[in-house]
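Novice: Generate coordinates for the sequence data below:
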Amino acid sequence: MAIPSFLDAHAHSAPKEEIDRFLSIHYSLKAFENELTNPELVYHLVFVDSELAGFSKIILNKDHLATSSKNTTKLDRIYISKNWYGRGLAQQLLRFIIDYSKQRDQQGMWLFTWIENHRAIGFYQKEGFMIVGSHDFKVSETHYNPNHVMYKAYHIQG
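Specialist: Predicted coordinates for the structure are as follows:
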């Protein structure tokens, strides 16, 4: 599910050979197996009627220089299968991981998103994320995609 979701959003962001190489490194079975043994990475899966409909990957306490906050969560991946678009699953998953993050004393959440991924940018802005910086996302040794750094500060009531 991860590869088709990545391709839906990013297939046209770089030459096919570069995308294929990126996927072979970062989205291989071995890469996922390695990530699942890393205690810093937190995955959440969304199932609908026993079908995997989406997933997220976050990293707690991963601060970014574009924010002045400490104890922030990096949203590294959030994907919903195209079959489930338009049913509110992405919003539900995002709100779930924000609550999860807050419960672990995080002060906000940040992410990278490709500047041409207008669907994602609009989604994050609707959920309260703001563009706070830029980042060149490394696809390969010779190709970088311009990304926004987006951030949502939590207003934790005490």
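
Novice: For stretch 129-147, list every residue counted as buried.
Specialist: By 16 or more other C-beta atoms under 10 Å, the buried positions in stretch 129-147 come out as 129, 132, 135, 137, 139, 143, 145, 147. For every residue, glycine as well, the C-beta is placed using N, CA and C.

Novice: helix, strand or coil for the last one?
Specialist: Same thing as residue 147. strand (DSSP: H, G, I helix; E, B strand; the rest coil).

Novice: Bridged to the residue nearest to residue 89 when sequence neighbours are not counted, which residues?
Specialist: Distances taken as C-beta to C-beta, 6 or more residues apart in numbering place residue 80 nearest to residue 89, at 5.0 Å, with adjacent residues excluded. Beta-bridge partners recorded for residue 80 (DSSP bridges): residue 54.

Novice: I figured residue 80 was touching residue 86, is that so?
Specialist: No. The pair residue 80 / residue 86 is not scored as a contact, 9.6 Å apart, by C-beta atoms under 8 Å.

Novice: Those two - which one has more neighbours?
Specialist: Using other C-beta atoms under 10 Å, the more surrounded residue of residue 80 and residue 86 is residue 80, with 24 against 8.

Novice: any idea which helix or strand comes after the lowest-mean-pLDDT helix or strand in the chain?
Specialist: In the chain, no helix or strand scores lower on mean pLDDT, DSSP states H and E than helix 2-10, which sits at a mean of 88. As assigned by DSSP states H and E, the chain's next helix or strand after helix 2-10 is helix 16-26.

Novice: Next secondary structure after that next one?
Specialist: helix 29-36.

Novice: Grab the longest helix from the protein for me.
Specialist: Under DSSP state H, the helix in the chain containing the largest number of residues is helix 89-103.

Novice: so what does the next helix or strand after it touch, helix or strand wise?
Specialist: Later in the chain than helix 89-103, the nearest helix or strand by DSSP H and E is strand 108-114. For strand 108-114, the packing partners by 3 or more C-beta pairs under 8 Å, 6 or more residues apart in numbering; DSSP states H and E come out as strand 72-80, helix 89-103, helix 118-126, strand 130-138, strand 144-153.
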